[in-house]
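Participant: Provided below are the primary sequence and the corresponding predicted coordinates.
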Amino acid sequence: MGATANVAVLPQEKAPLRIETLKLPDPGPHQVLVRLFASGVCHSQLHQMHRDREHPVILGHEATGVVMETGKEVDHVQEGDHVLVTWVPRDIKASGRLPIIATLETSEGLAVAENVYTWADHTIADEQYVVKVDKDVRTDVTSIIGCAVMTGAGAVLNTADVRKGESVAVFGAGGVGLSAIVAARMRGADPIIVVDLDDAKLEFAKRFGATHGINASREDPVEAIHALTAKDDVYTIFQQPVSGADYTFDCIGLKKTMEQVVPACRGGHFGAAIGGTAVLVGVPMTPMELQALDLLLHEKRFIGSIGGSCVPDRDFPTFVDWFQKGELDLDALVTERYKLEDINAATDALESGRISGRAIIDYRD
């Protein structure tokens with residue numbers, strides 16, 4: 001049957017997003033038509049907006065919605081099901097397919113999205129990017145599970161596999177960083193240190209489980225993390241007391257933070273203890289310099305985490321359960337709400353740092 005959708009379209013030229021009313025195609029054999037309830041506004045979309053482009057772009061990659069129609073090969077959801085929309089394949093091993101482009105005809109020509117688009121009140125998505133949830137689950141704040149929660153919490157649970165009693169330092173107290181803090185608390189990490197430039201954000205992070213806050217505008221976060229994690233009964237190869245976090249997470253991706261997370265890790269001692277692990281979670285937009293000698297001598301590790309190493313079919317039920325039980329306070333994490341027609345105000349607020357947690361676009365009446 002197809003559908004008519006109001007869609008935020010980013011023009012090819014440097015210009016604000018505009019809302020267009022477009023006719024969607026019928027779902028293909030492996031696609032679903034979803035009427036959206038809400039969508040997250042993610043910082044990575046700002047990166048997409050600043051890139052040069054050869055065509056219009058449609059954005060958004062985390063949402064909640066209800067299935068309106070399914071393709072003939074779709075069997076894991078049906079019309080009327082509530083779903084989470086995400087940009088990570090729900091279980092790529094199950095089908096072996098990995099569609100990575102979505103397109104839509106606009107007034108300016110063919111617009112392209114990476115995997116999915118959710119800055120629209122309806123979307124056509126491949127079945128790989130749609131995960132069923134129970135109808136008693138909230139449909140507004142849960143829209144950020146498909147990226148912010150998945151990326152931050154998944155980095156702690158899956159990429160790093162943090163264990164009880166291990167120390168964690170999270171750089172960045174935005175939606176992704178706060179989700180990482182929640183997961184660290186759920187794993188029993190101690191201490192849980194958060195680094196940011198804003199005292200209000202540092203205090204806000206304590207609501208989610210941070211035990212210590214470091215304002216990097218006033219003190220060196222690497223030195224501060226080492227001071228908070230020093231041990232007086234364990235020594236490095238140089239016979240210095242071991243210090244540093246067992247795991248550090250860069251949830252920002254700036255050159256400066258990427259270059260701080262490895263030095264902030266705990267030092268190791270060959271044959272006795274491997275050093276700490278730095279995890280790159282935020283999307284990097286610049287090169288960085290790595291102190292290779294520190295990495296070598298202290299047996300540290302620097303690894304990446306894309307989408308929290310998540311398998312949505314496996315991990316989303318965990319995050320929904322945390323929310324349902326009050327362990328993941330999405331009502332606090334979602335700090336701003338916008339309507340689709342206010343999308344430019346939302347992206348401006350995000351870029352200027354005026355959103356302390358995560359913003360969503362609410363399509364509900």
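Facilitator: Sure, I can see it.
Participant: quick one: the residue nearest in space to the middle of the chain from residue 365, how far?
Facilitator: Centroid-nearest residue in the chain, with C-alpha atoms, centre = their mean: residue 148, separated by 3.0 Å. As judged by C-beta to C-beta, to the nearest Å, residue 148 and residue 365 stand 25 Å apart. For glycine as for every other residue, the C-beta is placed from the backbone atoms N, C-alpha and C.
Participant: now swap in residue 178 and tell me
Facilitator: For residue 178, the distance to residue 365 equals 29 Å [C-beta to C-beta].
Participant: What residues does residue 215 make contact with?
Facilitator: For residue 215, the contact set (C-beta atoms under 8 Å, 6 or more residues apart in numbering) comprises 196, 197, 198, 199, 202.
Participant: Name the residues of stretch 221-240 that come out as buried.
Facilitator: 221, 222, 224, 225, 226, 228, 229, 236 (16 or more other C-beta atoms under 10 Å).
Participant: neighbour-wise, which of the contacts of residue 215 leads?
Facilitator: residue 196 (27 neighbours; other C-beta atoms under 10 Å).
Participant: So the nearest residue to that one once chain neighbours are set aside: helix, strand or coil?
Facilitator: Nearest non-adjacent residue to residue 196, counting by C-beta to C-beta, 6 or more residues apart in numbering: residue 173, 4.3 Å away. Per DSSP: H, G, I helix; E, B strand; the rest coil, the secondary structure class of residue 173 is coil.
Participant: picking that back up, residue 178 and residue 365: who's more crowded?
Facilitator: Neighbour tally, residue 178 and residue 365, criterion other C-beta under 10 Å: the higher count belongs to residue 178, 32 against 3.
Participant: which helices and strands does the helix or strand where the more buried one lies pack with?
Facilitator: Following DSSP states H and E, the helix or strand that holds residue 178 is helix 175-186. Judged by 3 or more C-beta pairs under 8 Å, 6 or more residues apart in numbering; DSSP states H and E, the packing partners of helix 175-186 are helix 148-154, strand 168-171, strand 192-196, helix 199-205, helix 330-333.
Participant: what does the last one contact?
Facilitator: Under the contact criterion C-beta under 8 Å, 6+ apart, helix 330-333 has outside partners 138, 141-142, 144-145, 148-149, 175, 178-179, 207-208, 323, 357-358.
Participant: try 6 Å
Facilitator: Contacts to helix 330-333, defined as C-beta atoms under 6 Å, 6 or more residues apart in numbering, come from residues 141, 178, 207, 323, 357, 358.
Participant: give me the low-pLDDT residue ranges for the stretch 51-200 of the chain?
Facilitator: For the stretch 51-200 of the chain, applying pLDDT under 70 flags the ranges 94-100.
Participant: just the strands in it please.
Facilitator: Ranges of strands within the stretch 51-200 of the chain are 57-58, 63-70, 82-85, 101-106, 109-114, 122-126, 130-133, 168-171, 192-196, based on DSSP state E, counting those that start in this stretch.
Participant: Would you reformat these as CSV and include distance to residue 248?
Facilitator: Supplementary listing: those in CSV, determined by distance: least, C-beta to C-beta, whole Å:
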stretch, distance to residue 248
strand 57-58, 33
strand 63-70, 30
strand 82-85, 29
strand 101-106, 34
strand 109-114, 28
strand 122-126, 34
strand 130-133, 30
strand 168-171, 5
strand 192-196, 9
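Participant: Good, wrapping up.
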